[in-house]
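Chemist: pasting the structure only:
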């Protein structure tokens, strides 16, 4: 089965946008704010997922 690399690229862009939006929201919250802490953790996890998706996309291209 062929992988739709353009779809993966689109998902990467969407995920990057979500990460950026989370960063903006959490930036306005204090470091000791529980919600801010949770949002920063979500951002961190999504960033790790983004890196893995990038890696998978690169492998699909080669």
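Modeler: Looks like it arrived, so ask away. Since we're looking at a predicted model, the values are computed, not measured.

Chemist: Where does pLDDT dip in the chain?
Modeler: Residues of the chain that meet the criterion pLDDT under 70 lie in 1.

Chemist: Next, the buried residues of stretch 53-62.
Modeler: Going by neighbour count (16 or more other Cβ atoms under 10 Å), the buried part of stretch 53-62 is 53, 57. Using the backbone N, CA and C atoms, a C-beta is placed for each residue, glycine as well.

Chemist: List the neighbours of it that are in contact with it.
Modeler: With contact meaning Cβ atoms under 8 Å, 6 or more residues apart in numbering, stretch 53-62 is reached by 3, 5, 8-9, 11-12, 15.

Chemist: Which of the residues you listed sits closest to residue 41?
Modeler: Checking those against residue 41 with Cβ to Cβ, the nearest one is residue 15 at 16.2 Å.

Chemist: for the closest one, what are its contacts?
Modeler: 46, 49-50, 53.

Chemist: Tell me the secondary structure at it.
Modeler: helix (DSSP: H, G, I helix; E, B strand; the rest coil).

Chemist: Please determine how far it is located from residue 31.
Modeler: 25 Å (Cβ to Cβ, to the nearest Å).

Chemist: Quickly find the element holding residue 56.
Modeler: Using DSSP states H and E, residue 56 sits within helix 34-61.

Chemist: chain center to that helix, what's the gap?
Modeler: Here the centre of helix 34-61 is set off from its chain's centre by 4 Å, with Cα atoms, centre = their mean, to the nearest Å.

Chemist: that older thread, mind putting the contacts of residue 15 in a markdown table, distance to residue 38 included?
Modeler: Shown next, in a markdown table, are the contacts of residue 15 (distance: Cβ to Cβ, whole Å):
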| residue | distance to residue 38 |
| --- | --- |
| 46 | 13 |
| 49 | 17 |
| 50 | 19 |
| 53 | 22 |
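
Chemist: And those residues, which is closest to residue 35?
Modeler: Using Cβ to Cβ, these come closest to residue 35 at residue 46, 16.3 Å.

Chemist: Name the nearest residue to that closest one, ignoring sequence neighbours.
Modeler: residue 19 (5.1 Å; Cβ to Cβ, 6 or more residues apart in numbering).

Chemist: still on that earlier bit, would you mind checking the contacts of residue 15 for buried ones?
Modeler: 46, 50, 53.
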